[in-house]
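Trainee: just coords:
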């Protein structure tokens, strides 16, 4: 679309000091003549673009038109770029590219190296090491559905492995604890629900649109709830799994028990998820107390051993 191309050209001109007509033509897969017409349209809109001939020539926005670049401090610009760059790693889209270009246009030449140094001091990459190969595609589908108010349909693996089919009106993409979720109105349940993207299959955007409802934001802070459900158990672990145990507690919860073992005060809730955590440490972890959790662990281990007796 011409309007999208014009906006993109403006953002590029804000980001670059000068760019040639052929480079722009190659970038947008149009002819140089089309680019010249676009530049004329941009000038008519009141944005002064001038052309420079010869080697190193091209188009540029006149310097006096640009916004004062001292509006933001180096720290401000570094923080903005860091957040936008981390999002662009996982959520693709022209709007993020354009916004990055806008923010970069505020960087004065004399502070470019300083800001680049600050930006590189912290790297935020929310893309997974391994995982669901559909994640990127699903994010794009959901983002489109959010923008167009379109209904989504998908298969879903719910609690205890129950397989269901859902039709959902999407309202928000949520990242929580390194996992992506969709908050939407489930037509099957007639209520708002939070769906984990990794549990979806065959995600499709439907032609059907929906009218926005009074939106209910998902509950993402479970601190108070966890405090009422959580108990502390004592486990004995080998030092080889210490790094993994630290994902769930702190160094202060560890007490040495000989040269190679630790006694750990471990936060625990009596449900499948937390029993699976303990089992994942294998023979490098022993539950010491309370007795009923130790007995349950023994029962589960016995059931696992029985699988291999057949």
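Mentor: In hand now; what should we look at? Note that the structure is predicted; figures quoted are calculated from it, not measured. Numbering: from 1, shown residues only.
Trainee: Please compute how far whichever strand or helix holds residue 183 lies from its chain's middle.
Mentor: Here residue 183 sits within strand 179-186, counting by DSSP states H and E. Distance of strand 179-186 from the chain centroid (CA atoms, centre = their mean, to the nearest Å) equals 13 Å.
Trainee: How about stretch 247-263?
Mentor: 32 Å.
Trainee: So which bits of that stretch are buried?
Mentor: 253, 254, 261, 262, 263 (16 or more other CB atoms under 10 Å). Glycine gets a C-beta too; all of them are placed from N, C-alpha and C.
Trainee: Outside of stretch 166-177 itself, list whatever touches it.
Mentor: 126, 139, 142-143, 145-146, 149-156, 180-188, 192-195, 206, 210, 213, 215, 217-218, 220 (CB atoms under 8 Å, 6 or more residues apart in numbering).
Trainee: make that stretch 141-155, sorry
Mentor: Against stretch 141-155 from outside (CB under 8 Å, 6+ apart): 91, 93, 163-173, 182, 184, 187, 195, 197, 200-212.
Trainee: of the residues you listed, buried ones?
Mentor: 91, 166-171, 173, 182, 184, 195, 197, 200, 203, 205, 210.
Trainee: Poorly predicted segments of the stretch 51-200 of the chain, please.
Mentor: 63-74, 76-108, 123-132 (pLDDT under 70).
Trainee: That one: helices as residue ranges?
Mentor: Ranges of helices within the stretch 51-200 of the chain are 74-88, 94-104, 112-121, 135-148, based on DSSP state H, counting those that start in this stretch.
Trainee: The stretch 201-310 of the chain too?
Mentor: Under DSSP H, counting those that start in this stretch, the stretch 201-310 of the chain gives helices at 223-229, 242-245, 272-280, 291-307.
Trainee: closest one to residue 41 among those?
Mentor: Closest of the helices of the stretch 201-310 of the chain to residue 41 is helix 223-229, at 53.9 Å (criterion: CB to CB).
Trainee: re the thing from before, for the strand holding residue 183, which helices and strands make contact with it?
Mentor: Identification of packing neighbours for strand 179-186 by 3 or more CB pairs under 8 Å, 6 or more residues apart in numbering; DSSP states H and E yields helix 135-148, strand 163-176, strand 191-196.
Trainee: could I get those as CSV with distance to residue 55?
Mentor: Converted to CSV, these look like this (distance: least, CB to CB, whole Å):
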stretch, distance to residue 55
helix 135-148, 41
strand 163-176, 47
strand 191-196, 55
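Trainee: ok, now which ones touch the residue lying closest to residue 48 once chain neighbours are set aside?
Mentor: Spatial nearest neighbour of residue 48, excluding adjacent residues (CB to CB, 6 or more residues apart in numbering): residue 62 at 4.4 Å. Residues near residue 62 by CB under 8 Å, 6+ apart: 48, 49, 50.
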